[in-house]
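Colleague: Whatever this is, show me its structure:
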Amino acid sequence: MYLGSSTCQDSSAKKEAAKHIESVHQNTCSMVIKKGRFYRLAKDYTKALEVLMKGESEFSSPRSELFFQTSLVYEALAKLPRVDQTTKKNNLEKHIAYCNKCLELEPQHFPALLKKARALGQLKRNDAAEKVFREAMRVVKARPKNFVQVQYWFAEHLTFRNRKQVTPEAAELYQGAMSTTLSMIQNADDFAIDDIKESMKWFVTNSKKKLDEFYQGNPSSNIVHIERMFASFHF
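Modeller: Reported below is the predicted structural model:
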């Protein structure tokens, strides 16, 4: 009974939120972005595109975030189950196109750079993907949390490209993601350490798994250093 009641309450809350967002007639770029994001998170992709496309046509100078939100809708459409390969490819192309529109206005928009790089990889445009990954690394080198993300996803791209076998360059990037995170923890105030561990744990743990795979076939004293480094996280 409790679970059923909770589900009904959640459904009711979502309906109320939808009514509220529909009732807002404030026509600003910021509000259009919020509405588009709301409908995307509610998985109403048709409505999300309707709102965002209308905003794109109405505003003479749309914000970069409007284009990025549109790109996220196409990314979500490309991930839908039972989508044929042609439709998936078309949605990834549109996803990249809107990342590009975002980047034209804000060249250092990190999420757009990272999303674009990963989508290019999915389309097997590997040279183009790697160029964008390297640009993303350059852009966020001074922002450790973002740097860890791009190191990890660049390594994943290189691994996938190599028939899911970790390459030496990918291993270097996985280890870099671990080293960057450890450096963040060592230099953080006490109150920030738990947050860093929580937000970076997934990247560090998966990097360690990939390094274990790599060093199984490539014995090296470096694995001792990696084991000690991983133990330092105290996950």
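Colleague: where do the helices sit along the chain?
Modeller: For the chain, the helices defined by DSSP state H cover 2-23, 29-41, 45-58, 64-78, 85-105, 110-122, 126-139, 144-161, 168-187, 190-217, 222-231.
Colleague: model confidence over the last one, on average?
Modeller: So that's helix 222-231. Helix 222-231 shows a mean pLDDT of 90 in the predicted model.
Colleague: And for the fifth one?
Modeller: Rounded to a whole number, the mean pLDDT of helix 85-105 is 98.
Colleague: Repeat that for the fourth one.
Modeller: pLDDT averaged over helix 64-78 equals 99, rounded to a whole number.
Colleague: Could you do the first one as well?
Modeller: Within the predicted structure, the mean pLDDT of helix 2-23 is 53.
Colleague: want to throw the helices of the chain into CSV with mean neighbour count?
Modeller: Any C-beta I mention is one placed from the backbone N, CA and C, and that applies to glycine too. Below are these laid out as CSV (neighbours: other CB atoms under 10 Å):
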stretch, mean neighbour count
helix 2-23, 10
helix 29-41, 19
helix 45-58, 17
helix 64-78, 22
helix 85-105, 18
helix 110-122, 22
helix 126-139, 17
helix 144-161, 22
helix 168-187, 19
helix 190-217, 16
helix 222-231, 14
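Colleague: any idea how far residue 181 lies from residue 85?
Modeller: Going from residue 181 to residue 85 by CB to CB, to the nearest Å gives 36 Å.
Colleague: Using the record's domain definitions, break the chain down for me.
Modeller: Listed domain ranges for the chain are 14-106, 140-235 (source: automatic domain parsing).
Colleague: Reformat those domains as a markdown table; add distance to residue 126.
Modeller: Supplementary listing: the domains of the chain in a markdown table, determined by distance: least, CB to CB, whole Å:
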| stretch | distance to residue 126 |
| --- | --- |
| domain 14-106 | 14 |
| domain 140-235 | 6 |
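Colleague: how much space is there between residue 224 and residue 211?
Modeller: Applying CB to CB to residue 224 and residue 211 gives a distance of 12 Å.
Colleague: cool, residue 119 as well?
Modeller: When distances are taken as CB to CB, residue 119 and residue 211 turn out to be 26 Å apart.
Colleague: Tell me the pLDDT of the closest residue in space to residue 199 that isn't next to it in sequence.
Modeller: When the adjacent residues along the chain are set aside, residue 199 lies closest to residue 145, with 6.7 Å between them (CB to CB, 6 or more residues apart in numbering). Per-residue confidence for residue 145 comes out at a pLDDT of 96.
Colleague: Kindly report the same for the one 10 residues further on.
Modeller: As summarised for this prediction, residue 155 has a pLDDT of 99.
Colleague: From what I see, it and residue 174 are in contact.
Modeller: Yes. The pair residue 155 and residue 174 passes the contact test of CB atoms under 8 Å, sitting 4.8 Å apart.
Colleague: which residues do the two both contact?
Modeller: 166, 207, 210 (CB atoms under 8 Å, 6 or more residues apart in numbering).
Colleague: Turn the residues you listed into a markdown table, columns for distance to residue 56 and pLDDT.
Modeller: A markdown table is the format used below for the shared contacts of residue 155 and residue 174 (distance: CB to CB, whole Å; pLDDT from 0 to 100):
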| residue | distance to residue 56 | pLDDT |
| --- | --- | --- |
| 166 | 41 | 97 |
| 207 | 38 | 98 |
| 210 | 40 | 97 |
